[in-house]
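Engineer: predicted model and sequence below, questions to follow.
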Amino acid sequence: MGADTVGAAFAEIDRLVPDGMLGIAVSGGGDSTALLIIAARWAGARGRKILAATVDHGLRADSADEADAVVALCAHLGIPHTILQTGDLRAMGGNLSAAARDARFALLGDWAQGQGCAAVLLGHTMDDQAETVLMRLVRGSGAEGLSAMQAGLQHSGMLWLRPLLGIRREALRAVLQAEGIGWIEDPTNEDPEYDRVKARQALALLAPLGIDAEGLARTAWHLQRQRRVLERAMDELAARARRWGVFGEVRLDPDEMAVDEPDTALRLLADTLVRVSGANYRPRFRALSEALDRILSTQDAGLGAGTTLSGCLIRPEAGAILICREPSACEPMRPLNQGAAVWDRRWKITVSGDWPASVGIGALGEYGLAQLRASAGKGTWTIPEAWASAPRVVRQTTPAIWLDDGTQAPDLFAAPLANYVNQRTVSPECAIVAENTAAEALPWASRPTYGRAGPP
């Protein structure tokens, strides 16, 4: 193996990874395959345990065979491997690339948490970083966007790490060639319909001007450092202007927002929207700026109108801006599994006891509120004071456990944030806890990690 490349990767893995078992996301492409080989050697040298998973999107005829090839390689390396399938992404409509990306994060995150992994390693390289910077330059991004991919990413209760951001793609392929290990070439990597392919081709044309992957990655590294200063300013404003509610909602102080620097106020609004919605990315600058102007002017005018953005409802209250999850944007109901899982990318749900096999987790919604009212009328549930005082739209978006066997209307089993359990249908040993992960940790960026001691 290339000693310099492997040594650099080992050093970055050592710097980034926490204690505990690690997951590796392996598509079968050159970058992730090289990461798998390097991580296997690292784990052997450090006495650590790693697992691997491949997401089969089913978008190409050969995808199942490609996933099986990763299975075979992992078996050869002695690494446990799991294939995760997304289902029919085309049937969902919309942006197929975005749907595939979101499905990867969701499937890999659930898999990693179910396996007890402390982090998941991703195979993004310096070339990926440079392409990201170039694409965001085209969009007119500021420091937030041009700082590009972070080496550490906290999202949906899982830590995602990119130890190869300082290594070129060609160096990783040289490692595989030296080992006699092949990899899969995704045909979409040559399809000029994709923005990333256009950026890759543009980089080749810009090289004679001295605009190359190393230089753009250096720019991202410097901007990541500057971004820290901006984040500290936002943290100071958040301490004065942001209050979290117990049901996942947030209230911002419009007076504090109005007197601070506009960029800091925009940054706090974006950060809040990302936390409340669990989104992977901030809203675009124009939409964000228009939303902030609208809600601040609405406060001045004393109007009651609100707006929606990034899967959140934003509306004025007396002396505050309420931001909560948009009910229609909540994650659909899905099966409830034993142990811990993240629902709607913001609630960590931990269950124990012998729950029926046909129960699922989803939003409480209007139907759930009606069932709670009926229980209160019968005297089988006492309404908590905090629950009674919360806005109706906020209560609708809280997690609930449902029995849905397909033969009748779903029956509400539990609403943990309302302190409700249907004792007629749930045995006493059944328990459920809902914890808002978004209130404590950024779902899309990890503050402690900003690259090496010097530029890459």
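Structural biologist: That came through, no problem.

Engineer: could you pull out the strands for the stretch 251-400 of the chain?
Structural biologist: 307-309, 312-317, 320-325, 334-335, 339-343, 347-352, 359-363, 399-403 (DSSP state E, counting those that start in this stretch).

Engineer: quick one, which of those is packed in tightest?
Structural biologist: strand 399-403 (a mean of 25; mean count of other Cβ atoms under 10 Å). The C-beta positions use only the backbone N, C-alpha and C, and glycine is treated the same way.

Engineer: and the gap between the residue nearest the centre of the chain and Ile79?
Structural biologist: By Cα atoms, centre = their mean, the chain has its centre lying nearest to His155, at 3.8 Å. Separation of His155 from Ile79 (Cβ to Cβ, to the nearest Å) stands at 24 Å.

Engineer: cool, Glu179 as well?
Structural biologist: 15 Å.

Engineer: same drill for those two, tell me which one is more crowded.
Structural biologist: Ile79 (19 against 14; other Cβ atoms under 10 Å).

Engineer: just checking, that one touches Ile37?
Structural biologist: No - if you go by Cβ atoms under 8 Å, Ile79 and Ile37 don't touch, sitting 10.2 Å apart.

Engineer: and Ala439, which helix or strand is it part of?
Structural biologist: For Ala439, there is no enclosing helix or strand under DSSP states H and E.

Engineer: okay, now it: neighbour count?
Structural biologist: 15.

Engineer: that one reaches Thr272, doesn't it?
Structural biologist: No - assessed by Cβ under 8 Å, Ala439 is found out of contact with Thr272, at 10.4 Å.

Engineer: who touches both of those two?
Structural biologist: Residues touching both Ala439 and Thr272 (Cβ atoms under 8 Å, 6 or more residues apart in numbering): there are none.

Engineer: burial measure for the residue nearest to Ile383 when sequence neighbours are not counted, as a count.
Structural biologist: Closest residue to Ile383 apart from its sequence neighbours, by Cβ to Cβ, 6 or more residues apart in numbering: Ala376 at 5.5 Å. Neighbour count for Ala376, taken as other Cβ under 10 Å: 15.

Engineer: and stretch 9-17, what's buried?
Structural biologist: Within stretch 9-17, the residues scored as buried using 16 or more other Cβ atoms under 10 Å are 9-10, 12-13, 16-17.

Engineer: which outside residues touch it?
Structural biologist: 35, 38-39, 41-42, 45-46, 118-119, 121, 151-152, 161, 163-167, 449, 452.

Engineer: where do the helices sit along the stretch 1-150 of the chain?
Structural biologist: Under the criterion DSSP state H, counting those that start in this stretch, the stretch 1-150 of the chain contains helices at 3-16, 30-46, 63-77, 96-115, 126-138, 143-146.

Engineer: of all those, which one is nearest Ser328?
Structural biologist: Checking the helices of the stretch 1-150 of the chain against Ser328 by Cβ to Cβ gives helix 96-115 as the closest, at 16.9 Å.

Engineer: pull the distance from the closest one to the chain's centre.
Structural biologist: Centre-to-centre, helix 96-115 and its host chain are 9 Å apart (Cα atoms, centre = their mean, to the nearest Å).

Engineer: repeat for stretch 364-374
Structural biologist: 29 Å.

Engineer: next one: stretch 52-60
Structural biologist: 18 Å.

Engineer: swap in stretch 133-146?
Structural biologist: 20 Å.

Engineer: list the buried residues for it?
Structural biologist: 133-136, 141, 143-146.

Engineer: thinking again about what came up before, dump the strands of the stretch 251-400 of the chain to TSV, plus distance to Leu268.
Structural biologist: Listed next are these as TSV, based on distance: least, Cβ to Cβ, whole Å:
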stretch	distance to Leu268
strand 307-309	14
strand 312-317	13
strand 320-325	11
strand 334-335	32
strand 339-343	24
strand 347-352	22
strand 359-363	26
strand 399-403	26
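
Engineer: among the ones you listed, which gets the worst mean confidence?
Structural biologist: Set side by side, these give their lowest mean pLDDT on strand 339-343, at a mean of 77.

Engineer: that one to strand 399-403, inter-axis angle?
Structural biologist: Angle, strand 339-343 to strand 399-403, by axes from the mean of the first three to the mean of the last three Cα atoms, to 10 degrees: 110 degrees.

Engineer: partner strands of strand 339-343 and their direction?
Structural biologist: strand 347-352 (antiparallel) (DSSP bridges).

Engineer: next, the angle strand 359-363 makes with the strand it pairs with.
Structural biologist: 160 degrees.

Engineer: report the distance from strand 347-352 to the chain centre.
Structural biologist: On Cα atoms, centre = their mean, the centre of strand 347-352 falls 18 Å from that of its chain.

Engineer: now tell me what touches that strand from outside.
Structural biologist: 157, 248, 336-343, 361, 399, 401, 416, 429-437.

Engineer: can we see that at 10 Å?
Structural biologist: With contact meaning Cβ atoms under 10 Å, 6 or more residues apart in numbering, strand 347-352 is reached by 113, 156-157, 248, 278, 325, 330-331, 336-343, 359, 361, 397-399, 401, 414, 416-417, 429-438.
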